[in-house]
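Trainee: Next input, structure requested:
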Amino acid sequence: MSLLSTATTVSALDIAAALNMFAPTIEQQAVIEAPLTPTLVVAGAGSGKTETMANRVLWLLANGHARPDQILGLTFTRKAAGELSERINKRISDLETAGLMPIAAAPDSAHGTVAESSDLFNTPSVSTYNSFASRLFTDNALLLGREPESVLLSETSAWLLARRVVIDFGDGRLVPFGKSLDLVTDAVLQLSRALAENPPAVHLGQPGAPHDLRALVDSFGYLTDLPYGNPRKKTPYGSVTDSLAAVAPLPVLAELAARYSSEKRRLGLIEFSDQVALALQVCQKVDAVVDRYRDQYRVVLLDEYQDTSVLQTELLHTLFRNHPVMAVGDPHQSIYGWRGASSANLLGFGRDFNTGDFSPAAAAPTMSLSFTWRNPALVLDAANALVAPLSAALRAKPGGIQVETLKVPAGTRPGAVDALMAETIAEEAGAIADWFATRLVGEHSGAMLFRARREMEYFAEVLRAHGVRAHVLGLGGLLSTPEVADVVSVLRVVHDPAAGSELVRLLSGARYRVGARDLQALADVARWLAGHDWAQKAISADLRGKLRASVAGDEGSSLVDALDFLGSAPDSHGQLAGFSDLGRARVQSAGRQLAWLRSRAGLPLLDFVRLIEQEFRLDVELIANEANDLGLANLYSFHDTVSAFLDSDEQGTLASFLRWLKRAELQDDLGPRAELSEQGTVQLLTVHGAKGLEWDFVAIPNLTEKSLPAASRDTSGWLRFGELPYAFRGDRSELPDLDIVGHDTQFDFDLAFQAYKAELADRHDDEERRLIYVATTRAKRELLLTGSFWGPGVTARKPSRYLTELALAGLIAKIPDAPAESEKPASASSGTELWPFDPLGGRRALVEAAAARVSASEADVPTRWSHAVTLLLTERALRLTGGEGAPVPTRIPASRFKDYVDDPAGVAAELRRPMPQRPYRATRLGTLFHSWVERRAGGATGTDRVDASLFDLDLADEDQGTGTLEQLDVPEQEQFAVLQATFERSEWAERKPVDVEIEIHHVLAGQVFVCKLDAVYRTETGYQVVDWKTGRAPKSAADLELKQTQLALYRLAYARWKGIDPSIVDAVFYFVADDTVVAPERLYSEADLLAAWSGAIAPVLESSESESESTVSPEKL
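Mentor: Residues are numbered from 1 along each chain as shown. Below is the predicted model:
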């Protein structure tokens, strides 16, 4: 097809002026008005690429170069896709308002007349790369003979399927490798996915590319017959033997990977790694598909292009070669190489999209966005200094790209970069906490960025001890919270006899408080059991020796087995002699409780988790602990984690969940995060998770050699168990090359191998340098760089080369290169502590004294609680004697709060004699509408935001009734359609909620109120809770006064759950039928709600008491 005209009638400056936006810079204007040819934009960190891309869409539309639905935008994460889509759609609306949006265009041979711009579906398509590939495959799966509705395998399900394939393999060729079943399963999955990401199409035809994996493996065989080439060498070179050992398993692993792929296809299953490969197959086999997509999308925008994989690039240039494609990326922010991302894609953009010529000279136009709008001057100076070697290396490459040095606009504040190399890690953590404490005030945000997670919780504890709010992000952060760690420990102990560490955590914690001597006695029992058989008779010395040499985890001593044994051992048993009386009682109590829980491990997983919380009284402890205001929220978040697992795993067993947790935690640490910054809180996360985020104040700790930069664990490249050889990868030209053939001696090969390892080390150094660049460019105001000489180890650490470079450049103060003392100071070691720790700590004396005074006080003296206690005792007596009274429910929906306040007598009557209620059609209609809005909000944006088939819904809500669309008659279906259309015209249609349909249990005056929030949006000043109503708006001020109690509860519950001040949370009703937003002039405070509840609950309880006076007299209480 011929490219569209680029004649400009409305400039980017005109559009900015009409929409009251900031005028674009010269660079931005050039990108916005770029010709409709393949174009590469190198955009540095914080350079406003999302804003520029959104404004390019406006320019394209205003000048008639494309319709909205002819524009395709792809990016890496759902968060980025949502932000880009929201910004584009909001700007299109503004463009229409300004009168710059063409209503129609001339007829087009492929599309006919352009639809009106206000058409609901006439919007740009914005999604992630994988979502786009998935839809392409699904729409055309039948052309490959595949099922369109193939089931997407979860991580756990894929692992279990691969494990089953390995078990069924039954081939003795696996035995010599000495790998466990789990390791073989991991290798099969890894190799299968690598083969899917690198099909033959991406490497065949390249010079020197092998065609057969076995042939490559066989090419190593001659090395063993070569002479050593060194007269002093008496044994084969380690490089030769290690290489042979690494490649030997490849043929059998490849065979297993092929069987795994066949099994997936037989069962109608696919993985994420399959989606792009299958989409590419469609495009390569059916030219009509390519033509249709090129015709459908006249302009393509590719965001975060440096994060795309070789296979994604292959798919994109198969579809859109020589097409109006603009790719935006930054080679310095390519930090996801472990998942297949390749910054080389930026270098090859011209080759891939511009022409069929594969010479480096076939380059596409390259533009730059070199002004950062995020970082202050001094922070940017530090970032530029750190990344300068990478920029120079890129320029030096043949056909390399010019990466402009980032600059700040005139008038940018200088900011600050502080640095510290402390003596000990304790001093480092304390200094960071003090730094945040003096800066993190008001609405400011902060973050600590780590290379690895292992010390996050330690730094978080120090921050909290200094009065600084700290939040460890991600699943790893959730699992490190005490309450969740206890639950997971119980799960592991119940499931795994080898979970000794988790058992020690439980026994030594506040629940059982078993001391060191008794734990040692338990370990002695475990060793004794390992030396005896089922009849408690000593086993032979020969068998003991075999057990010691065994690698099987279940054949050694087990603390869990020892605990089970003690639970049933008679008091006279000799193995109990090593315990103290109190320790034995506590250990046996723990054994009985855990054994009881094990007997109920077959419960549905989420029910079992809640049972553990109840048995260990975690919910009660957290409600009572005022110092841990996020404890309950952490448990609820863990419930959400369990639910997410159950949604993706068809088995839902405890074993698969525990495996999933381990894998999910690792993936969670390495992927970009979606959380927003939190005012007044320091968020702790990995650098990988921080990409795309920003904070006012950023600290980067552990800046020491082997920490950041981290020591490389990849010293052999592809010569590892289950790795695909680089020769079979699509980006092989950018990877270190190991010359295998043509050597006359093993010495020659060893030289080549050492050169190969040196290239690997250089590549790792580049990756670490990109990480520190990403980390430093997250700061909007100030940056703190710290390290310490003495950490957990016994030898002193060296300052990071990054600190040294910045000091030599004069950007930070000089850093000492050695500690003041040659030996580790005592202050850096653990001090002496009493153990197990006292749950009350230093408060014990005060608490015990207060308890004694309460006990000694006059029991008959009336207090403000006396009446309530009498009523509670009356309720208890009524339950025991079968009286007519009814207790107040433990959990009350927030929507019913107003009923207790408005009609306490009616509520009391309802509680005494509850009557079934018929499901009103209006209620059912409301349920369907809520579900539709939830699915609409959760379905991403652009091409993702297409209504699901509502006729397939089968929805239920305990507070709103049940129903399906099929159960509505025609008038009601029309009413439902009107509600949908009204919502689509509302202000909420294009806003992206931060939370949707969340349930929070909020405790008020000892009563649990179930708050089900429909949607929460981020505002300029905080958050806004919106409650959808399909009924009519309140007609009187009194009615609104009652209804606002529901919003007040929602506001308090969300603020408590989020850990923020309620004053920055707003709440409104949206009455869809009236298209009316109702915002109460004033929402009740917590004190107002307490007063209203106290006044409402007393009549309810008194009514129950008066009904029962003939049954229970006060004398019987």
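Trainee: Hmm, Leu449 and Asn702 touching each other?
Mentor: No: counting by Cβ atoms under 8 Å, Asn702 does not reach Leu449; the two are 9.9 Å apart. Glycine gets a C-beta too; all of them are placed from N, C-alpha and C.
Trainee: The two: which is more packed in?
Mentor: The residue with more neighbours, out of Asn702 and Leu449, is Leu449; 27 against 24, by other Cβ atoms under 10 Å.
Trainee: SS state for that one?
Mentor: The local conformation at Leu449, judged by DSSP: H, G, I helix; E, B strand; the rest coil, is strand.
Trainee: Can you read off the pLDDT for it?
Mentor: The confidence metric pLDDT takes the value 97 at Leu449.
Trainee: Quick check: the gap between it and Gln333.
Mentor: With distances taken as Cβ to Cβ, to the nearest Å, Leu449 is found 14 Å from Gln333.
Trainee: likewise Ser342?
Mentor: From Ser342 to Gln333 the distance is 13 Å (Cβ to Cβ).
Trainee: Mutual contacts of the two, please.
Mentor: Gln306 (Cβ atoms under 8 Å, 6 or more residues apart in numbering).
Trainee: per-residue confidence averaged over stretch 503-517?
Mentor: Rounded mean pLDDT across stretch 503-517 is 88.
Trainee: Return the set of buried residues in that stretch.
Mentor: 503-509, 511-515 (16 or more other Cβ atoms under 10 Å).
Trainee: who's in contact with it?
Mentor: 485-486, 489-490, 493, 519, 522, 559-560, 563, 580, 583, 586-587, 589-590, 616, 835-837, 839.
Trainee: quick one, what contacts Phe486?
Mentor: Small correction: residue 486 is Asp, not Phe. 505-506, 509, 511, 616, 618.
Trainee: which one of those residues is nearest Asp744?
Mentor: Arg505 (58.4 Å; Cβ to Cβ).
Trainee: what's the helix or strand for that closest one?
Mentor: helix 500-508 (DSSP states H and E).
Trainee: ok, then the element right after that helix?
Mentor: Following helix 500-508 in sequence, per DSSP H and E, is helix 516-530.
Trainee: how many degrees apart are that next one and helix 500-508 in direction?
Mentor: 140 degrees (axes from the mean of the first three to the mean of the last three Cα atoms, to 10 degrees).
Trainee: where's helix 516-530 relative to the chain centroid, distance-wise?
Mentor: 40 Å (Cα atoms, centre = their mean, to the nearest Å).
Trainee: Now do the buried residues in that helix.
Mentor: 518-519, 521-526, 528-530.
Trainee: Could I get those in a markdown table, plus columns for distance to Glu27?
Mentor: What follows is these, written out as a markdown table (distance: Cβ to Cβ, whole Å):
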| residue | distance to Glu27 |
| --- | --- |
| Asp518 | 70 |
| Leu519 | 65 |
| Ala521 | 72 |
| Leu522 | 68 |
| Ala523 | 67 |
| Asp524 | 72 |
| Val525 | 72 |
| Ala526 | 68 |
| Trp528 | 75 |
| Leu529 | 72 |
| Ala530 | 70 |
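Trainee: Flag the least confident of these.
Mentor: Within the buried residues of helix 516-530, pLDDT is lowest for Ala530, at 77.
Trainee: buried ones in the top helix by length along the chain?
Mentor: Secondary structure of the chain per DSSP state H: the longest helix is helix 746-776. Of the residues in helix 746-776, 746-747, 749-753, 756-757, 760, 763-764, 766-776 count as buried by neighbour count, 16+ other Cβ under 10 Å.
Trainee: cool, stretch 374-392 as well?
Mentor: Quick answer for stretch 374-392 (16+ other Cβ under 10 Å): 374-376, 378-387, 390-391.
Trainee: now, the most widely separated pair of these?
Mentor: Pro376 and Leu390 (22.0 Å).
Trainee: For the contacts of stretch 503-517, which ChimeraX command selects only the ones that are buried?
Mentor: In ChimeraX, a selection of the buried entries from the contacts of stretch 503-517 looks like this (16+ other Cβ under 10 Å):
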select :485,486,489,490,493,519,522,559,560,563,583,586,587,590,616,836
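Trainee: Helices of the stretch 801-950 of the chain, start to end?
Mentor: Assigned by DSSP state H, counting those that start in this stretch, the helices in the stretch 801-950 of the chain fall at 801-808, 844-856, 866-881, 897-902, 904-912, 921-938.
Trainee: Out of these, flag the one nearest Ser127.
Mentor: Per Cβ to Cβ, nearest to Ser127 of those: helix 921-938, 13.9 Å.
Trainee: tell me what that closest one is packed against?
Mentor: strand 955-957, strand 961-963, helix 970-985, strand 995-1004, strand 1007-1018, strand 1023-1029 (3 or more Cβ pairs under 8 Å, 6 or more residues apart in numbering; DSSP states H and E).
Trainee: CA atoms of that helix as PDB?
Mentor: Extracted in PDB, the C-alpha atoms of helix 921-938 (Å, rounded to 0.1, in the frame of the first residue of the first chain):
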ATOM      1  CA  ARG A 921     -35.900  -7.800  39.500                       C
ATOM      2  CA  ALA A 922     -34.400  -4.400  40.300                       C
ATOM      3  CA  THR A 923     -31.900  -6.100  42.500                       C
ATOM      4  CA  ARG A 924     -31.000  -8.600  39.900                       C
ATOM      5  CA  LEU A 925     -30.600  -5.800  37.400                       C
ATOM      6  CA  GLY A 926     -28.300  -4.000  39.800                       C
ATOM      7  CA  THR A 927     -26.200  -7.200  40.200                       C
ATOM      8  CA  LEU A 928     -25.800  -7.600  36.400                       C
ATOM      9  CA  PHE A 929     -24.900  -3.900  36.100                       C
ATOM     10  CA  HIS A 930     -22.200  -4.100  38.800                       C
ATOM     11  CA  SER A 931     -20.700  -7.200  37.200                       C
ATOM     12  CA  TRP A 932     -20.700  -5.600  33.800                       C
ATOM     13  CA  VAL A 933     -18.800  -2.500  35.100                       C
ATOM     14  CA  GLU A 934     -16.400  -4.800  37.000                       C
ATOM     15  CA  ARG A 935     -15.600  -6.800  33.900                       C
ATOM     16  CA  ARG A 936     -15.400  -3.600  31.800                       C
ATOM     17  CA  ALA A 937     -12.900  -2.000  34.200                       C
ATOM     18  CA  GLY A 938     -10.800  -5.200  34.600                       C
END
